[in-house]
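Peer 1: Predicted model and sequence follow; I will ask about them next.
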Amino acid sequence: PAAAAAVADAARAFGERSAAIDFGDPLDSLRSRTERLFAATSRGRPAVVGVVQDQPLADVQRLRDLAKLDLLQLHGDESADYAAAVGPHLRVVHLAAHADLDALFHRYRDALALPTCQAVLLDAQAPDGTRGGTGAPCDAALAAEFARRLGAPVILAGGLDAAALADLPTSDAFAAFDASSKLERAVAVKDPAAVAAFVAAARAL
């Protein structure tokens, strides 16, 4: 937690902030909450996000408070009650190839309706069931259809780099793009040129 707090302080300093984002009063629709989130983080003001997966609630709340996180990113099977208790968060939905979107909506319906859910991040689920962090691509067309049914833009993740962005069948359904492993020249070592190319490609969409 102490190391996370130091990283969070550095990110906030870069964005010329000293405190977590004030999200104000709850908004009725996910679309309105997502739009507010991206307005609050525009012009080089990064949100500080803690990524967690099925961790004890008390531990996550302690991390949130100690690091003054803007958002938690819930990457596992956290319940709607759990999500409500952590405060503002991103809900990760994992898309397997040929996923049943009706089943996904039924599974996440209550969680996505929470006023604390600020946006949805769609990531790939590998054939072996592994969720995220694999560099496996997410089916962008399926993700776009999910966003249309959701009625709100989503954050797209999964195997993204500049070339993948250029090949997207559509970008209108996506509020933002999340990339990591495809921008590395070695494990956990980012390639500055790949990052620059990715940012340029995203801005061009």
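Peer 2: Right, received. Where do you want to start?
Peer 1: Could you pull up phi and psi at Val49?
Peer 2: Dihedral pair for Val49: phi -120, psi 130, per degrees, to the nearest 10.
Peer 1: Quick check: closest non-adjacent residue to it.
Peer 2: Leaving aside its sequence neighbours, Val49 sits nearest to Leu71 (Cβ to Cβ, 6 or more residues apart in numbering; 4.7 Å). All C-beta atoms are positioned from the backbone trio N, CA, C, and that covers glycine.
Peer 1: which residues touch that neighbour?
Peer 2: With contact taken as Cβ atoms under 8 Å, 6 or more residues apart in numbering, Leu71 is in contact with Ile21, Leu37, Ala47, Val48, Val49, Gly50, Pro88, His89, Leu90, Gln118.
Peer 1: residue contacts, Val48?
Peer 2: Ala8, Ala11, Arg12, Ala20, Ala67, Lys68, Leu69, Asp70, Leu71.
Peer 1: And for Leu150?
Peer 2: Leu30, Phe105, Leu112, Val120.
Peer 1: one more time with 10 Å, if that's ok
Peer 2: Leu30, Arg31, Thr34, Val93, Leu101, Leu104, Phe105, Tyr108, Leu112, Val120, Leu122, Ala173 (Cβ atoms under 10 Å, 6 or more residues apart in numbering).
Peer 1: ditto for Pro26
Peer 2: Pro26 neighbours (Cβ under 10 Å, 6+ apart): Ser32, Arg33, Leu114, Pro115, Thr116.
Peer 1: what number of residues lie near the second one?
Peer 2: When counting by other Cβ atoms under 10 Å, one arrives at 20 neighbours for Arg33.
Peer 1: again, but for the third one
Peer 2: When neighbours are defined as other Cβ under 10 Å, Leu114 has 17 of them.
Peer 1: I'd say it and Leu90 touch.
Peer 2: No: counting by Cβ atoms under 10 Å, Leu114 does not reach Leu90; the two are 11.7 Å apart.
Peer 1: can I assume Lys164 is in contact with Ala136?
Peer 2: Wrong residue type there; residue 164 is Ala, not Lys. No: contact between Ala164 and Ala136 fails when scored by Cβ under 10 Å: they sit 11.5 Å apart.
Peer 1: hey, what's in contact with both of these two?
Peer 2: Counting by Cβ under 10 Å, 6+ apart, the common neighbours of Ala164 and Ala136 are Gly158.
Peer 1: Which secondary structure state does the most centrally placed residue in the chain sit in?
Peer 2: Nearest to the mean C-alpha position of the chain, counting by Cα atoms, centre = their mean, stands Leu121 at 4.2 Å. Three-state assignment for Leu121 (DSSP: H, G, I helix; E, B strand; the rest coil): strand.
Peer 1: Right, I'll call it a day here.
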